[in-house]
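1. What would the 3D arrangement of this be:
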Amino acid sequence: QVQLVESGGGLVQAGGSLRLSCAVSGRTFRNYVMGWFRQAPGKEREFVAAISRSVATYYTDSVKGRFTISGDNAKNTVYLQMNSLKPEDTAVYYCAANSGYALYERRLYDYWGQGTQVTVSS
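-> Residues are numbered from 1 along each chain as shown. Now for the predicted structure:
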């Protein structure tokens, strides 16, 4: 069983930065595809970024060049560095782990954290 705990959300002004953390317990995160998703009010949960077992990274177009996903083996933690934040980035952000190979499809992820709120003011 894998447990995921997100932290690092908060309120930030447009143009600011936040770093989200996803602490993984139960197994090393390198055994999984790790993803970040977000869900804004009234919208479906959407893919944001993922990092594969080979450390390849993938991003949705709207965050390319602004967000960076990374992992720390020693801390067994996955991060999402978010720069140049925009009001449209406001959402609850979720960390997820996929024991398969899918990257973008949220229904194929096996484990989820509880989410952390990110609010970007204009």
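
2. and the residue nearest the centre of the chain, what element?
-> Taking C-alpha atoms, centre = their mean, the centroid of the chain lies closest to Trp36, which sits 2.4 Å from it. Applying DSSP states H and E as the criterion places Trp36 in strand 33-39.

3. And that strand, what does it pack against?
-> strand 18-25, strand 46-51, strand 67-72, strand 77-82, strand 91-98 (3 or more C-beta pairs under 8 Å, 6 or more residues apart in numbering; DSSP states H and E). Yep, even glycine has a C-beta here, placed from its N, CA and C like the rest.

4. can you put those strands in CSV and add distance to Gly10 and mean pLDDT?
-> Shown next, in CSV, are the helices and strands packed on strand 33-39 (distance: least, C-beta to C-beta, whole Å; pLDDT from 0 to 100):
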stretch, distance to Gly10, mean pLDDT
strand 18-25, 6, 98
strand 46-51, 17, 98
strand 67-72, 16, 98
strand 77-82, 11, 98
strand 91-98, 11, 98
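
5. Dump these to a markdown table, plus distance to Gly9 and mean neighbour count.
-> Below are the helices and strands packed on strand 33-39 laid out as a markdown table (distance: least, C-beta to C-beta, whole Å; neighbours: other C-beta atoms under 10 Å):
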| stretch | distance to Gly9 | mean neighbour count |
| --- | --- | --- |
| strand 18-25 | 6 | 19 |
| strand 46-51 | 13 | 21 |
| strand 67-72 | 14 | 17 |
| strand 77-82 | 10 | 22 |
| strand 91-98 | 6 | 23 |
